[in-house]
Structures are given as structure tokens and as C-alpha cells.
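Asks: Dropping the sequence and predicted coords here.
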Amino acid sequence: VSRIWAAERAVANAGERARGAVLASEAFFPFDDVVRLAAESGVTAILQPGGAKRDPEVIAAANALGLSMVFTGSRHFRH
């Protein structure tokens, strides 16, 4: 499953409940596309493990969009 498809399904399923919600992911965000989608959907904060090479870009996008982002530093699922 692609990360953007999963995020699109999540916010579509949430509908208006996405406004003011927190999006949590077990996977890191290698690009800012999900961050932008979350912001457009009204999500106000994101939790993710971090660790992607592009974390600085993802953080910059979250900051620019007014989203809080928390890095957990751990993953429960291992490939």
C-alpha cells in the first residue's frame, strides 16, 4: 500500500472528523506529501517515528503549514 493512498483513505474515512485530529503513523515520512494532505484535511498534529533522510524537509513543511509534529523514535513493525 502506498503511503499517500493510505493517508487519502484515512482522511476520506474521517471526513469532517479529520478537522482538529491527530494523524499517527507507524512509518516515517520520506516526503512531505502526506503532511500537505493532512494539513489540507484539517489535521493539526502528526506523530511519526522519524528517521527519514528528508526529515528536515518534512519538518519544514509541517512548520510552514502550522502542524505540530512529534517524533516517537521507535517503530513497532519491522520488515
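Replies: Okay, I see it. Note that the coordinates shown come from a computational prediction; the quantities given were computed from them, not determined experimentally.

Asks: In contact with D33, which residues?
Replies: 3-4 (CB atoms under 8 Å, 6 or more residues apart in numbering). Any C-beta I mention is one placed from the backbone N, CA and C, and that applies to glycine too.

Asks: The chain should start at 878 in everything you say after this.
Replies: Got it, the first residue is 878 from now on, which makes the last one we talked about D910.

Asks: So it versus S951, what's the distance?
Replies: To S951, D910 is 23 Å away according to CB to CB, to the nearest Å.

Asks: go on, S902?
Replies: 12 Å.

Asks: How about L944?
Replies: Distance of L944 to S951, computed by CB to CB: 21 Å.

Asks: For A891, list the residues it contacts.
Replies: Counting by CB under 8 Å, 6+ apart, A891 touches 898, 918.

Asks: In a helix, it, correct?
Replies: Yes - checked against DSSP: H, G, I helix; E, B strand; the rest coil, A891 lies within a helix.

Asks: And it, what's its pLDDT?
Replies: Listed pLDDT for A891 reads 96.

Asks: again with L914
Replies: 97.

Asks: Can you classify it by secondary structure?
Replies: Going by three-state DSSP: L914 is helix.

Asks: Report the spatially nearest residue to it, omitting neighbours in sequence.
Replies: Nearest residue to L914, sequence neighbours excluded (CB to CB, 6 or more residues apart in numbering): A884, at 5.3 Å.

Asks: related to what we said a few turns ago, which residues are common contacts for S902 and S951?
Replies: Counting by CB under 8 Å, 6+ apart, the contacts common to S902 and S951 are P926.

Asks: list the contacts for the closest residue to A922 other than its chain neighbours?
Replies: Nearest residue to A922, sequence neighbours excluded (CB to CB, 6+ apart): S945, at 4.0 Å. For S945, the contacting residues are 921-923, 939, by CB under 8 Å, 6+ apart.

Asks: if I look at S945, how far off is A889?
Replies: According to CB to CB, S945 and A889 sit 22 Å apart.

Asks: what residues are up against the residue nearest to L914?
Replies: 900, 911, 914-915.
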